[in-house]
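A.B. asks: Below is the structure, and that's it, no one-letter string:
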């Protein structure tokens, strides 16, 4: 969630459209006046850049958005200061991970709608299988300091210098 793939989504307006008012974009909002006074008009063929990176870190939507907190998906999340966002509601029969519908598009780890990544479920399943196999057989330790890993963005987010780990076989 803190490092979404990809960090931005690119879309094109298929027709003229009026978007509803959003928040003003500042990270430190004033509760008295957090929203724009009017919506935004987009013309047909306008390019739209959606910053998933910023959306997932938006303090008007999420409590403690910069904190790694996997348990946040186990409880409902009401909007902190965004009046038109419905918040996050965990499903009774949750899937493998929370999706964009559960979070009213305030969380889109694989995009959303018709252009959502078709491999999202495969990617999550693959991650679970690989990580569980590796963690079952090895203890992992970061070589160096977290700050040395670095980060680079492009179409995806990746490390600048790799993620060097020391693997120690677990005793069976």
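C.D. replies: Yes, it's here. As the structure is a computational prediction, the values presented were derived from the model and not from experiment.

A.B. asks: what's the distance between residue 98 and residue 47?
C.D. replies: To residue 47, residue 98 is 28 Å away according to Cβ to Cβ, to the nearest Å. To be clear about C-beta, it is placed using only N, CA and C from the backbone, and glycine gets the same treatment.

A.B. asks: ignore the last one, residue 76
C.D. replies: Distance, residue 76 to residue 47, by Cβ to Cβ: 35 Å.

A.B. asks: Just to check, residue 8 is in contact with residue 47?
C.D. replies: No. Here residue 8 lies out of contact with residue 47, judged by Cβ atoms under 8 Å, at a distance of 11.4 Å.

A.B. asks: Can you name the next helix or strand after the helix or strand harbouring residue 125?
C.D. replies: Here residue 125 is covered by helix 120-137, with elements defined by DSSP states H and E. Sequence-wise, the next helix or strand downstream of helix 120-137 (DSSP H and E) is strand 138-142.

A.B. asks: Tell me the helix or strand right after that next one.
C.D. replies: The first helix or strand that comes after strand 138-142 along the chain, using DSSP H and E, is helix 146-149.

A.B. asks: and the next helix or strand after that following helix, which strands flank it?
C.D. replies: Using DSSP H and E, the helix or strand that follows helix 146-149 towards the C-terminus is strand 152-153. Partner strands and pairing direction for strand 152-153 (DSSP bridges) are strand 157-158 (antiparallel).

A.B. asks: which other residues reach the partner strand?
C.D. replies: Identification of contacts with strand 157-158 by Cβ atoms under 8 Å, 6 or more residues apart in numbering yields 3, 4, 5, 6, 7, 151, 152.

A.B. asks: quick one, what contacts residue 138?
C.D. replies: 167, 168, 169, 170 are the contacts of residue 138 under Cβ under 8 Å, 6+ apart.

A.B. asks: the more surrounded of residue 98 and residue 47?
C.D. replies: Set side by side, residue 98 and residue 47 show more neighbours around residue 98, with 20 against 9, by other Cβ atoms under 10 Å.

A.B. asks: Hmm, residue 89 and the more buried one touching each other?
C.D. replies: No. If you go by Cβ under 8 Å, residue 98 and residue 89 don't touch, sitting 9.5 Å apart.
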